[in-house]
Every structure is written in structure tokens, then in C-alpha cells.
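**Q** A structural model of the following input is requested.
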Amino acid sequence: MNRLNKIIKAASKSPFINNVIEEYTSKLEWGEIMNQIALMREDIRREDIAKMIESYRKNFELTDEKILLLLTQSYGDDFTKDELQEMIEQTK
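**A** Below you'll find the predicted structure:
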């Protein structure tokens, strides 16, 4: 994704390419694609958090309360405490 942004930025110096990019990104399908990417990224993050929870239990023998505290510190800006608690419950 980062590489794509660099290519778009470099290509945007060309008026023709800039018009093509502008036309495509203004279409409804562009918004749908970006929404799908955002949802996939969140799913991946949730899977990673689930793996972390399992690791905390297996390798460090932490209680759910301690796991919730750690997750809240790391992911509290992105997920509510209730969402993190639900993730903990789902990994049991």
C-alpha cells in the first residue's frame, strides 16, 4: 500500500495521469474498495489480538483481568474495553 501511494504521488505530476487518478478515486467503487480494505485490516488486527491473548495465557499464565489491562493499555485507543473483553471471551 505504501509503495502504491508513492507511485500515485510520483505519477500525479503528470496532468493526464492525475486526471485519470482523480476520475477513478471519485467513483463509488473506489470508496467500496477502501471500505473493504479497512474491514480486512480490522479483521487482521482482531486475529493478531486473539493470538496475543492465547500467548499471554499459554506462555505467561496471565489471568483474564491482567490480559484485559495489557490490551487496554495497548489497544484502548482503537477498541473499547467491552470489545477487548469480548475478544478475551471468544478465545476461551
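**Q** Name the SS class of residue 77, please.
**A** Here residue 77 is recorded as coil under DSSP: H, G, I helix; E, B strand; the rest coil.
**Q** Look up phi and psi at it.
**A** The phi/psi pair for residue 77 (degrees, to the nearest 10) reads phi -80, psi -20.
**Q** how near is it to residue 40?
**A** According to CB to CB, to the nearest Å, residue 77 and residue 40 sit 20 Å apart. Using the backbone N, CA and C atoms, a C-beta is placed for each residue, glycine as well.
**Q** again with residue 86
**A** 20 Å.
**Q** Also residue 84?
**A** Computed with CB to CB, the distance linking residue 84 and residue 40 is 20 Å.
**Q** again with residue 87
**A** The gap separating residue 87 from residue 40 is 17 Å, by CB to CB.
**Q** again, but for residue 80
**A** To residue 40, residue 80 is 21 Å away according to CB to CB.
**Q** Next: residue 19.
**A** 29 Å.
**Q** cool, and residue 59?
**A** Taking CB to CB, one finds residue 59 at 28 Å from residue 40.
**Q** who's more crowded, residue 84 and residue 40?
**A** residue 84 (22 against 10; other CB atoms under 10 Å).
**Q** Now that one: closest residue in space, sequence neighbours ignored.
**A** residue 71 (4.6 Å; CB to CB, 6 or more residues apart in numbering).
**Q** Which of the helices or strands spans that neighbour?
**A** helix 64-75 (DSSP states H and E).
**Q** Provide the angle between the direction of the helix or strand that that helix is followed by and the direction of helix 64-75.
**A** Later in the chain than helix 64-75, the nearest helix or strand by DSSP H and E is helix 81-90. Helix 81-90 runs at 130 degrees relative to helix 64-75, counting by axes from the mean of the first three to the mean of the last three CA atoms, to 10 degrees.
**Q** Could you list the buried residues of helix 81-90?
**A** Judged by neighbour count (16 or more other CB atoms under 10 Å), helix 81-90 contains these buried residues: 84-85, 87-88.
**Q** Likewise for stretch 56-64?
**A** 56-57, 62.
**Q** ok, now stretch 64-81?
**A** Buried, per 16+ other CB under 10 Å, within stretch 64-81: 67-68, 71, 75, 79.
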